[in-house]
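Undergrad: no letters, just coordinates:
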C-alpha cells in the first residue's frame, strides 16, 4: 500500500528527493505499522521523530491505512 | 552579592549586601519573594509603592552555558497580580559578572521627568537625566545609548508604550548584536518602568566581580555534563538552531491546537506559509541568518535574523509565539508582514503576544478584517501615537473586548493566552487558568508531554497533576537563569542531578533534588500569597467562558477540566 508522508524540522534534509509541497509517497506492505514506516525511512528513536495522523500523535504500534496522510516532525518541549 | 536600591524620587542609588533571608535566591525566586515581602499587595501598580525588580538567575554570570535569563518582577498593571517576566539577551550575564543580585527600583521620579540608570564596570551606579530621550522608540534609543556609553554595555529600556504606561508595554533588552529585540514582554512591566520615570538602564558587560564559585572543579564537571546534553539533544542541539522555536508551528497545527482567527480554529489555513520550515527557507534565500546568537553564552542559537527581499534587516528574532499572535490569530499568512509587526512591537516596546491578540480581538469584533496586514500595522502605529484607539489596543485584549462589547477574549486575569489552545491541549489550559501571573505558557508548557504521548491532550485525566509538576519545575528553573529550552534536557536523569551539583558548587550549599523542587514550591507559594492579599481567589483561576462553550475544530472539543480539579492544582 501507499502512504503519503510529510516531514518537518530538519528531517526533510535527509531525503534528496523530498518535495516540500507534496512530501514523499512511500510504498510499504499491507498491514504495516508506524514503526515499519519509520524503519523504511531509516528514522531511529534518536532522531526524535513524532508521527501524527488525523491531528493525533500515534504510537509506533499503530497500523497504517492505505492512502494515509502521515506527518513526521521532531520532538519539542516548548517555546 | 549585592542589591542596588534605586530611589527614583530622590535620584539616589544605595548598595546593600544581600540580606540573609534572600540568600540562595535568584531570578524569579528573588523577584517574587522580594515583592511579596516589600510591595503592598493592594497598591496601585503604577503608583510609588510598587517596586520594579531586575534579577539575574543564580547561575547567571558563571561559565555555564545558556544562563542569560533575566527576571523582571513587579505588581502587574495588566493582571493586578504578582508578575515575573523574563528575557534573554546580555543583561543577566552582565549583572552576574558585576556581582549584582538585583536592581530594585523604588518610588517615582517627579512627574514628567525621565532618567537613565547607568551601571559602570565597577558596579557603580547613578541616575542621569533622560528627558532628551522622551518618546524615543527603542532601536533609536539603544543606538544612542550604546553610542554614548560604549558598545560593551547591555541595555534595558522602554519605548513609547511604556511611557504611556499601557498594559501591554514591554521592557526591551539588547541582544548580543546590541539590538533591543529581546523582551520581558508579559504583564505590562514596561508601564511600571514608565511610571517610575525610568527610560533605560545601561549595564557594563565588563564586570569582573562575580560571586566566587566555591568549588570550581565540581562546577566545571557538572557544567560539562549539562552542555553536552544540550548539544546531544535533537531539539536543542539541532532543530532549534535550524528553525528556531518556529519549528513548533508544524507540530501544533498537526495536533489541531494552534489557536487561529481569535481562537475559532485549531488549524490555521495558511500555516505552511508561516511555519518554521517556510521561515528558514525564506531567510536562507534572502541571505539572512537562520541560526543566530541572541543571548550571551548560548550554545543553542535559536534566534534568527529576518531580512527583506533586498537582504535588509527586518527583525530578530521571529519566534513561535509571535508568529502565532501576529499571524495565526489575526489570519495574516505573510511572513514579511509578521516580521514587520514583530519589529514594530520591539521598537514601540510592546508584548507581541498581548498586542497580537488585542488586534485579533478587534478583528473578531469587526473593527477590521482578518488577514489585513496593513490594518494591523496601522493599529500598531496608533499605539505608538497614543491615540484613543491606540491606547485601547495597547492596553491589551480585555480593554479591546470591553470597548467593542465583544465577549471572545482569550485571556486569564487580563493576560492573553498563548499559542496552544486549551481545548486541544487541556493541561496548558490548566496552566493558563492557575498560573499566578495570568495566562503564561512559560509557566509550565506541556506540549512535550503531548508530543511524546505521555498525556492525552484531549481528556481531563492527568492534566492537573502534569500542570502542577510542570509549574513547580518551571518556578525552580526560573530561579537559575537557565533558558527554558536548555532546561528541557533536565528530563535526562544524569543531567537532572547536574543542576543541584552546580548550585551547590557555586554557593557551597547542600541542595538535593528535593530541595531544588522545594525552591519552586516556595516561589509559587509566595506568588499565590501575594495574589490572595491583592484580593484574588480560586474563582479568578478560570479560562474565558467561551473555552467551555465553543468546540474548537478539528477535534471539536471544549475545555473539560472541572473547577474543582483546577482548584486542586496548588494542593501542596
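TA: Okay, I see it. Just so we're clear, the structure is a prediction, and the values are computed from it rather than from any experiment.

Undergrad: the helix or strand hosting residue B:341: how far from the chain's middle?
TA: Using DSSP states H and E, residue B:341 sits in helix B:335-348. From the chain centre to the centre of helix B:335-348 is a distance of 17 Å (CA atoms, centre = their mean, to the nearest Å).

Undergrad: now check it, is it near chain A?
TA: No - counting by CB under 8 Å from any CB of the partner chain, chain A is not contacted by helix B:335-348; separation bottoms out at 14.9 Å. In short, each C-beta sits where N, CA and C put it, glycine included.

Undergrad: which residues touch that helix?
TA: Around helix B:335-348, the neighbours that count as contacts under CB atoms under 8 Å, 6 or more residues apart in numbering or on different chains are B:137-139, B:159-161, B:170, B:172, B:180-181, B:183, B:273-274, B:278-279, B:282, B:306, B:308, B:314-315, B:318, B:322-323, B:326-327, B:332, B:350-352, B:355-356, B:373, B:376-377, B:380-381, B:383-384.

Undergrad: now restrict those residues to buried residues only.
TA: The neighbour count (16 or more other CB atoms under 10 Å in any protein chain shown) marks B:137-139, B:159-161, B:170, B:172, B:180-181, B:183, B:273-274, B:278-279, B:282, B:306, B:314-315, B:318, B:322-323, B:326-327, B:332, B:350-352, B:355-356, B:373, B:376-377, B:380, B:383-384 as buried among those.

Undergrad: where does chain A have low pLDDT?
TA: In the predicted model of chain A, residues A:79 satisfy pLDDT under 70.

Undergrad: which residues in it form strands?
TA: Here chain A has its strands, by DSSP state E, at A:2-7, A:24-27, A:49-53, A:56-57, A:69-74.

Undergrad: end to end, how far does stretch B:176-188 reach?
TA: 24 Å (CA to CA, to the nearest Å).

Undergrad: tell me the buried residues in that stretch?
TA: Neighbour counts over stretch B:176-188 (16+ other CB under 10 Å) mark B:176, B:178-188 as buried.

Undergrad: name the residue of the stretch 101-250 of chain B that lies nearest to chain A.
TA: Nearest residue of the stretch 101-250 of chain B to chain A (CB to the nearest CB) works out as residue B:245 at 3.0 Å.

Undergrad: likewise for the stretch 1-150 of chain B?
TA: In the stretch 1-150 of chain B, the residue that lies nearest chain A is residue B:88 (12.2 Å; CB to the nearest CB).

Undergrad: residues in contact with that residue?
TA: By CB under 8 Å, 6+ apart, the contact set of residue B:88 is B:68-70, B:173, B:175, B:182, B:294-295, B:298, B:483.

Undergrad: need the nearest residue in space to it, chain neighbours excluded.
TA: Distances taken as CB to CB, 6 or more residues apart in numbering or on different chains put residue B:295 closest to residue B:88, at 3.7 Å, once the chain neighbours are dropped.

Undergrad: same check on residue B:91?
TA: Of all residues not flanking residue B:91 in the chain, residue B:154 sits nearest, at 4.1 Å (CB to CB, 6+ apart).

Undergrad: so the one you found sits in a strand?
TA: Yes - Residue B:154 forms part of a strand when assessed by DSSP: H, G, I helix; E, B strand; the rest coil.

Undergrad: show me what contacts it?
TA: Residues in contact with residue B:154 (CB under 8 Å, 6+ apart) are B:89-91, B:94, B:173-174, B:202-203, B:205.

Undergrad: of these, which belong to helices?
TA: Counted as lying in helices by DSSP state H, out of the contacts of residue B:154, are B:91, B:94.

Undergrad: how far off centre is stretch B:540-547?
TA: Worked out by CA atoms, centre = their mean, stretch B:540-547 lies 22 Å from the chain centre.

Undergrad: mind listing what's buried along that stretch?
TA: Buried-residue list, stretch B:540-547, by 16+ other CB under 10 Å: B:540-544, B:546-547.

Undergrad: do stretch B:493-505 as well
TA: Applying 16+ other CB under 10 Å to stretch B:493-505 flags B:495, B:497-505 as buried.

Undergrad: which one of those residues is nearest residue B:2?
TA: Nearest to residue B:2, judged by CB to CB, of those is residue B:503 at 19.7 Å.

Undergrad: quick check: closest non-adjacent residue to the closest one.
TA: residue B:511 (5.4 Å).

Undergrad: mind listing what the one you found touches?
TA: If you count contacts by CB under 8 Å, 6+ apart, then residue B:511 has B:500, B:503-504, B:519 around it.

Undergrad: give me the pLDDT value at it.
TA: What the model reports as pLDDT for residue B:511 is 92.

Undergrad: would you mind listing what in chain A touches chain B?
TA: Contact residues, chain A versus chain B (CB under 8 Å from any CB): A:8-10, A:12, A:20, A:46-48, A:50, A:52, A:55-57, A:59, A:71, A:73-79.

Undergrad: what's the longest helix in chain B?
TA: helix B:513-533.

Undergrad: what residues does it touch?
TA: Outside of helix B:513-533, the residues within contact range by CB under 8 Å, 6+ apart are B:25, B:28-29, B:32-33, B:35-36, B:39, B:41-42, B:75, B:81-82, B:84, B:436-437, B:471-479, B:496-497, B:499-500, B:503, B:511, B:540, B:570, B:572.

Undergrad: Serialize the buried residues of stretch B:176-188 to JSON lines and add fields for secondary structure.
TA: Shown next, in JSON lines, are the buried residues of stretch B:176-188 (three-state DSSP):
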{"residue": "B:176", "secondary structure": "coil"}
{"residue": "B:178", "secondary structure": "coil"}
{"residue": "B:179", "secondary structure": "coil"}
{"residue": "B:180", "secondary structure": "coil"}
{"residue": "B:181", "secondary structure": "coil"}
{"residue": "B:182", "secondary structure": "strand"}
{"residue": "B:183", "secondary structure": "strand"}
{"residue": "B:184", "secondary structure": "strand"}
{"residue": "B:185", "secondary structure": "coil"}
{"residue": "B:186", "secondary structure": "helix"}
{"residue": "B:187", "secondary structure": "helix"}
{"residue": "B:188", "secondary structure": "helix"}
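
Undergrad: show me which of those residues neighbour chain A.
TA: With the criterion set as CB under 8 Å from any CB, no member of these is near chain A.

Undergrad: I'd say residue B:473 and residue B:445 touch.
TA: No - with contact defined as CB atoms under 8 Å, residue B:473 does not count as touching residue B:445 (10.5 Å).

Undergrad: quick one, which of the two is more surrounded?
TA: It is residue B:445, of residue B:473 and residue B:445, that has more neighbours when counted by other CB atoms under 10 Å in any protein chain shown, with 27 against 18.

Undergrad: so which helix or strand takes in the more buried one?
TA: Following DSSP H and E, there is no helix or strand that holds residue B:445.

Undergrad: how close does the residue most central in space within chain A sit to residue A:29?
TA: Centroid check for chain A by CA atoms, centre = their mean gives residue A:72 as the closest residue, at 4.2 Å. Using CB to CB, to the nearest Å, residue A:72 is found at 19 Å from residue A:29.

Undergrad: wait, doesn't residue B:60 sit right on residue B:96?
TA: Yes - using CB under 8 Å, residue B:60 makes contact with residue B:96 at a distance of 3.8 Å.

Undergrad: residue 15 - nearest residue in space that isn't next to it in sequence?
TA: Reading this off chain A. residue A:24 (6.5 Å).

Undergrad: please go with chain B instead
TA: Closest residue to residue B:15 apart from its sequence neighbours, by CB to CB, 6+ apart: residue B:2 at 5.4 Å.

Undergrad: residue B:423 too?
TA: Spatially, and ignoring its direct neighbours in sequence, residue B:423 is nearest to residue B:552 (4.1 Å; CB to CB, 6+ apart).
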